[in-house]
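Asks: Please find the sequence and the predicted model below.
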Amino acid sequence: MATANKNLSVYDKTTIPSAKDFRFGIVVSEWNAKITQGLYDGAMAALLDCGAREENIIKWNVPGSFELIYGSKKMIADLEVDAVIAIGSVIQGETKHFDFVCSATAQGIKDLNVLQNVPVIFCVLTDNTMQQAVDRSGGIHGNKGAEAAIAAIKMAALGK
Ligand SMILES: Nc1c(NC[C@H](O)[C@H](O)[C@H](O)CO)[nH]c(=O)[nH]c1=O
Ligand SMILES: CC(=O)[C@@H](O)COP(=O)(O)O
């Protein structure tokens with residue numbers, strides 16, 4: 001189902017475990033900061049709405065989406081967190097660099113989920129235009145940050 005047919009901010013709290021006992025790490029890319037700030041705001045709002053405590057949410061900034069990989073790995077190594085949300089916004093430019101950044105970041109975060117024992121949520125927008133990114137970070141299609149926060153809570157609760 002395309003995002004255009006599903007609002008990213010809609011969730012049913014009755015299907016979501018309480019987040020009150022969980023600790024979350026959020027790693028935020030500084031590229032396209034207006035977008036990533038919107039994603040972060042959406043994630044925070046959803047985490048707090050589902051019972052997370054603000055003091056249990058740690059935020060680190062990294063330069064770009066590619067650095068989300070190492071930032072998430074270091075957060076897992078250094079901090080006691082139950083899930084990490086990796087937030088980025090990659091927007092197509094003139095060259096193939098977009099393809100490499102998107103693919104490497106997705107593969108790197110996938111690898112962390114295979115090799116580490118803390119879930120890392122892929123909250124990286126990969127858009128053709130800035131408008132598409134605006135629409136998915138609190139615009140007409142909702143906020144992928146909220147979607148990622150719900151995924152983080154569910155994965156933190158998995159098996160508990
Ligand atoms: N063009 C975008 C980038 N590029 C930078 C890379 O993510 C990385 O920081 C650099 O290659 C150094 O390792 N990053 C984004 O997050 N979004 C973009 O649109
Ligand atoms: C995703 C990117 O790295 C891209 O925005 C960089 O722009 P360009 O392809 O024009 O160098």
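Replies: That came through, no problem. Ligands and ions are numbered 1, 2, ... in the order given.

Asks: where's the residue lying closest to V81 once chain neighbours are set aside, which helix or strand?
Replies: Spatial nearest neighbour of V81, chain neighbours left out: G25 (4.2 Å); criterion: C-beta to C-beta, 6 or more residues apart in numbering. Backbone N, C-alpha and C define where each C-beta goes, glycine included. According to DSSP states H and E, G25 maps onto strand 24-29.

Asks: For the residue nearest to V81, which residues count as its bridge partners?
Replies: Beta-bridge pairing for G25 (DSSP bridges): I58, V84.

Asks: what sits against it?
Replies: Residues in contact with G25 (C-beta atoms under 8 Å, 6 or more residues apart in numbering) are I57, I58, K59, W60, S72, M75, I76, L79, V81, A83, V84, I85.

Asks: and these, which are buried?
Replies: Among these, those scoring as buried are I57, I58, W60, S72, M75, I76, V81, A83, V84, I85 (criterion: 16 or more other C-beta atoms under 10 Å).

Asks: ok and the residue in this structure nearest ligand 2?
Replies: Nearest residue of the chain to ligand 2: G93, at 2.2 Å (C-beta to the nearest ligand atom).

Asks: Mind checking what secondary structure that residue has?
Replies: Per DSSP: H, G, I helix; E, B strand; the rest coil, the local secondary structure of G93 is coil.

Asks: got it, and the one 5 residues further on?
Replies: Classification of F98 by three-state DSSP places it in helix.
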